[in-house]
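Visitor: task: produce atomic coordinates for the following.
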Amino acid sequence: MNFRPFPVKRVCPKIQKNRNDDSKVLSYCGTYVPLAIRGVNTLVREMMPDFKKWISLKKEDLLETACRKTNLDDWGDSWFEEALTAILDAVNQEGRLTFFGRFTIRQFLIENLGSRLRVIEVLKRFPEIQQQKIQRPMVITGWYRTGSTHLHNLIASHPNVRAPLFWELRHPCPTVDPRTTNPKRQIRKVQLASKIHSYLVPGFSNVHPLHHSPPSKPG
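Guide: Got it, this is the predicted structure:
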């Protein structure tokens, strides 16, 4: 007997106001894909074999592209290649990616590979960085939706605590010379990425707000 999967409804998550107060309640009712993205995916669906060549998800192509964009080629320890290969195998064999999905994951991987190249270069130019000691670090772990982000923000608001900012986590090493990093530029990049993310996933900020500026500290 052959079973046909139920069609997935492409419905935007609904944001409704709570009747008892002004808070908002997010209810998820199906996979949502913006109309423009659906249109692009539909137009290029028949040409996907050709686009797979142009939007390559092969390890060698990704490494070469990251090297070309950063003008760097020292990857350091090659242990990361095993993990990269596992990710690409899963994406290529199980992902069933659309055109937009393929483009997005490629950009994401190239960006992170570029960060690795810059980190290694910075440590070579400024070896004293590795001599710095972090006194009494705090590491927060937890399952999804358990309040770990709220705990992070609470601890980060302490006047004697230095917590990593969101833009720092997204761009841990934007240049090969940390002294030339422009925080405002990186913050603008993260804000633009957040706007794109909000368009692709409406209501996400209601579930998990992302703050570009540090939590306010008591005076």
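Visitor: for residue 33, helix, strand, or coil?
Guide: Applying DSSP: H, G, I helix; E, B strand; the rest coil to residue 33 yields a three-state assignment of coil.
Visitor: ditto for residue 63
Guide: Here residue 63 is recorded as helix under three-state DSSP.
Visitor: what's the separation between it and residue 53?
Guide: According to C-beta to C-beta, to the nearest Å, residue 63 and residue 53 sit 17 Å apart. Bear in mind the C-beta positions are built from the backbone N, C-alpha and C, glycine included.
Visitor: in stretch 63-83, which residues are buried?
Guide: Using 16 or more other C-beta atoms under 10 Å as the test for burial, stretch 63-83 gives 63, 65, 66, 67, 70, 72, 75.
Visitor: could you redo these as TSV and give each row secondary structure?
Guide: Below are the buried residues of stretch 63-83 laid out as TSV (three-state DSSP):
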residue	secondary structure
63	helix
65	helix
66	helix
67	helix
70	helix
72	coil
75	coil
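Visitor: which one of these is nearest residue 139?
Guide: Using C-beta to C-beta, residue 75 is the member of the buried residues of stretch 63-83 that sits closest to residue 139, with 26.4 Å.
Visitor: hmm, residue 115 and that closest one touching each other?
Guide: No. Counting by C-beta atoms under 8 Å, residue 75 does not reach residue 115; the two are 12.0 Å apart.
Visitor: which neighbours do the two have in common?
Guide: The contact sets of residue 75 and residue 115 do not overlap (C-beta atoms under 8 Å, 6 or more residues apart in numbering).
Visitor: and this structure, what are its domains?
Guide: 10-132, 136-219 (automatic domain parsing).
Visitor: can you lay out those as JSON lines showing mean pLDDT?
Guide: Shown next, in JSON lines, are the domains of the chain (pLDDT from 0 to 100):
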{"stretch": "domain 10-132", "mean pLDDT": "83"}
{"stretch": "domain 136-219", "mean pLDDT": "84"}
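Visitor: same for the strand or helix carrying residue 188, what does it pack against?
Guide: Under the criterion of DSSP states H and E, residue 188 resides in helix 183-200. Applying 3 or more C-beta pairs under 8 Å, 6 or more residues apart in numbering; DSSP states H and E, one finds that helix 183-200 makes contact with helix 166-170, helix 204-207.
Visitor: now do the shortest one: which elements does it pack against?
Guide: When contacts are defined as 3+ C-beta pairs under 8 Å, 6+ apart, helix 204-207 packs onto strand 24-27, helix 183-200.
Visitor: next one: that helix to chain centre, how far?
Guide: 15 Å (C-alpha atoms, centre = their mean, to the nearest Å).
Visitor: then the first one?
Guide: Helix 166-170 has its C-alpha centroid displaced from the chain centroid by 10 Å (C-alpha atoms, centre = their mean).
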